[in-house]
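Enquirer: fold the following.
(2 chains)
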Amino acid sequence: MTDSTNKSAVDSSRRDFLSKAAVAGTITIAPGVLLHQTAQAGSVSTRPNDEPVSNKNRWGMLIDTSKCANGCTSCVDACNEENGLVGNGRPETDSQYIRKVTLKDKATGHETSLPLMCQHCETAPCADVCPTGASFVRADGIALVDKHICIGCRYCMMACPYKARSFVHEAVENQKLTAPRGKGTVESCTMCVTRVDNGGIPACVEACSAENHNAMIFGDLNDPNSEISISLKERGGKQLRPDLALNTGVRYQGLNE
Amino acid sequence: MSKIEYTSLEGKSPAYFGLLGGLAFIMLLALASVFYMEHEGHYVTGMTNQIVWGMPHVFAIFLIVAASGALNVASIASVFRKKIYEPMARLSALLAIALLTGGLIVLLLDLGRPDRLIVAMTYYNFKSIFAWNIILYTGFFAFVGVYLWTMMDHNVYRFKPYAGFSAFVWRLILTTGTGSIFGFLVARSAYDAALMAPMFIIMSFSFGLAIFLLVLMATYKWTGMELGDAVVNRLRNLLGVFVASVLYFTAVYHLTNLYATQHHDVERFLLMEGGIYTTIFWVGEVIIGGLIPLALIYAPGVKNCRTTLGLICTMIIIGGMAKIYTILIAGQAYPLEIFPGYEVSSSFYDGVVNSYTPSLPEIMLGLGGIAMTLFIVAFALKVLRFLPVSLADSVVDPHAK
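Expert: Here you go, the predicted structure:
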């Protein structure tokens, strides 16, 4: 009798635990599922999460410098927010994934403003020179750093033609879950890879649109019907340092050819 | 030439222990610097996101380049069969291993994640010249180690010519690799030149021999053993050829750039308007590291003067550091040309000449590498018989071919 009473007590506590766990699990997972579904319903075509990244897509950006407002830094601010880039008041060593560059034509004096970030080269010099393979280009064209095997040699920073990379010069705190960083490793624009993998668009592009400047378009260069491909076909787009033949994923309009 | 007799250092004098103690103290300071830099992060150094390689790399590359060149004397003996160099081959190989160790330690300890050495040794991207260098360094230890073994163990002495030849070929490949670290950087105006590889090889000849001569003269002076003029003057003349060759390669590098209009801006920066970098180039690299040593080497009045030769070698070492500083730091200080034809400005120092002030910990780390090299040499000389008992003229036979 004593035994059976104990048994039923155990059963009831187990049942209780299981039902609580189920509720907790649902509460934890549901927003993620909903978010994912919402994202999939959003703008850019997306691949199911159980499928590996493939070269079916080539993600790219097109920047229309004529629409980029001088003095506006909303893309930079959005990037810093998205990736948890908090400056330490040391501009020479603080990380910058994207920066606004002002160009003045030496011949005409005409001024242009544009955002400059990792150009996501197809044949990226950073990936070529990286001794461990930590710098790599995904099949869909996004250049990334594997923070687990980066040894912090900074050879990729020597090799990058666009000075797009930063070395984490000091300890980082309050990191964003979607943007892991690490002291002693190299980092750069990830094209907001987590957003892209969930069907979203990079934070900089979103911020530029929110400001109604619409100077940045994100999309699939492999899809001839995507907005980016159509615009490139109609108006063209310049690579930076085209002499290096890197086939960059980021293109610019409005610069002198 | 009769059979060469070798000896080891007695190593019991207070001076010897004083030397080891002094070197160990410098290494300790270097280690403290490393802990400081790694704990705080690299922001405490002079290096930034613009000048990503700094003083530790200047020291490390200098030592690695010199390591390959220090093997010269042994190579000339084993590969080119010049018997006068034969007695010094062991010391030459020892110095090569010690220099490479010192250089690599500095390179490793400056990494953002030096704790990931095992990652560097297990993950290889074979398209990376840096990854190849890791293999080349490891191989250098192996080849020169075996070479030393064949020199010192009579059971395997018959394999010495093969070991010597392999080490010779390997070290040429190694320095080609070191030069190509810069030669393969397509994006930077001051690099991206195939000439870097042969220039680094000739630099290694010069720097390595200068260090070898200093170590040789210091060791024989401090031990009171005889070092004749025949050997020293032979090495001195050879050094002259190497110093002239480095100047020649430097001239060709700049002349080639000067011919191409697209490189005029970077050359104007390096040779005329680069401020401290221009000064280091002309005063450090060309005058102190090249012209004065060259004049002194062939000056008739000081032919047998050891003090002058010591000064010459020191100047070549200073000039060598200046050369690597110019290549490395000035090459990074010059802004990347992302937008030709435009004046550029940004929050990330686009379009401006980047400044760099080496910090004390960086310099300490570099000096620690030199201290480690000398410590290894001093210790090894006591443990094994590397030194010929005498290098007097009558022993080495200056007429031998």
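Enquirer: what residues are up against the nearest residue to residue B:269 once chain neighbours are set aside?
Expert: Once flanking residues are discounted, residue B:269 sits nearest to residue B:334: 5.2 Å by CB to CB, 6 or more residues apart in numbering or on different chains. Just so you know, the C-beta spots here come from the backbone N, C-alpha and C atoms, and that holds for glycine as well. Residues counted as contacts of residue B:334 (CB atoms under 8 Å, 6 or more residues apart in numbering or on different chains) are B:188-190, B:266, B:269-270, B:274, B:353.
Enquirer: measure residue B:334 to residue B:54 for me?
Expert: 15 Å (CB to CB, to the nearest Å).
Enquirer: same question for residue B:147.
Expert: 34 Å.
Enquirer: got it, and residue B:236?
Expert: In terms of CB to CB, residue B:236 sits 34 Å off from residue B:54.
Enquirer: let me see the ranges of the helices in the stretch 201-350 of chain B.
Expert: B:229-259, B:264-268, B:276-279, B:292-298, B:306-325, B:331-333 (DSSP state H, counting those that start in this stretch).
Enquirer: what's the answer for chain A, then?
Expert: In chain A, the helices defined using DSSP state H lie at A:2-41, A:74-83, A:125-129, A:155-159, A:193-197, A:203-210, A:227-235.
Enquirer: number of residues surrounding residue A:236?
Expert: 11 (other CB atoms under 10 Å in any protein chain shown).
Enquirer: not counting sequence-adjacent ones, nearest residue to it?
Expert: residue A:253 (6.9 Å).
Enquirer: quick check, pLDDT for that neighbour.
Expert: pLDDT for residue A:253: 97.
Enquirer: bridged to it, which residues?
Expert: residue A:64 (DSSP bridges).
Enquirer: how close does it get to chain B?
Expert: The gap separating residue A:253 from chain B is 15 Å, by CB to the nearest CB, to the nearest Å.
Enquirer: same check, this time on residue A:83
Expert: Taken as CB to the nearest CB, the span from residue A:83 to chain B is 15 Å.
Enquirer: hmm, residue A:174 and that residue touching each other?
Expert: No - the pair residue A:83 and residue A:174 fails to qualify as a contact (CB atoms under 8 Å) at a distance of 11.7 Å.
Enquirer: just want to know which of these two has more residues nearby.
Expert: Shown here are residue A:83 and residue A:174; by other CB under 10 Å, residue A:83 has more neighbours (22 against 6).
Enquirer: for residue A:240, give me phi and psi.
Expert: phi -80, psi 140 (degrees, to the nearest 10).
Enquirer: what sits against it?
Expert: Taking CB under 8 Å, 6+ apart, one finds A:116, A:119, A:161-162, A:248, A:250, A:252, B:338-339 in contact with residue A:240.
Enquirer: output stretch B:35-43 as CSV, restricted to C-alpha atoms.
Expert: Extracted in CSV, the C-alpha atoms of stretch B:35-43 (Å, rounded to 0.1, in the frame of the first residue of the first chain):
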residue,chain,number,x,y,z
PHE,B,35,50.5,38.9,-20.9
TYR,B,36,49.7,42.6,-20.7
MET,B,37,48.9,42.9,-24.5
GLU,B,38,46.9,39.7,-24.6
HIS,B,39,45.0,40.4,-21.4
GLU,B,40,44.1,44.0,-22.2
GLY,B,41,43.8,43.4,-26.0
HIS,B,42,45.8,44.9,-28.8
TYR,B,43,44.4,48.4,-28.2
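Enquirer: neighbour-wise, which of residue B:147 and residue B:54 wins?
Expert: residue B:147 (30 against 25).
Enquirer: need the phi and psi values for the more buried one.
Expert: Here residue B:147 shows phi and psi, under degrees, to the nearest 10, equal to phi -60, psi -50.
Enquirer: tell me the spacing between it and residue B:13.
Expert: Distance of residue B:147 to residue B:13, computed by CB to CB: 31 Å.
Enquirer: show me where chain B has its strands.
Expert: B:6-7, B:342-346, B:387-388 (DSSP state E).
Enquirer: single out the most deeply packed of the ones you listed.
Expert: Neighbour counts (mean count of other CB atoms under 10 Å in any protein chain shown) averaged over each of the strands of chain B peak at strand B:387-388, with a mean of 24.
Enquirer: elements contacting that strand?
Expert: Here strand B:387-388 is seen to pack against strand B:6-7 when contacts are counted using 3 or more CB pairs under 8 Å, 6 or more residues apart in numbering or on different chains; DSSP states H and E.
Enquirer: my guess is residue B:371 meets residue B:31, correct?
Expert: No - assessed by CB under 8 Å, residue B:371 is found out of contact with residue B:31, at 10.6 Å.
Enquirer: between the two, which one's more packed in?
Expert: Shown here are residue B:371 and residue B:31; by other CB under 10 Å, residue B:371 has more neighbours (21 against 14).
Enquirer: wait, what's in contact with the closest residue in space to residue B:171 that isn't next to it in sequence?
Expert: Distances taken as CB to CB, 6+ apart place residue B:68 nearest to residue B:171, at 4.4 Å, with adjacent residues excluded. Contacts here follow CB under 8 Å, 6+ apart; on that basis residue B:68 touches B:96, B:100, B:140, B:171-172, B:174-175, B:178, B:201, B:204, B:208.
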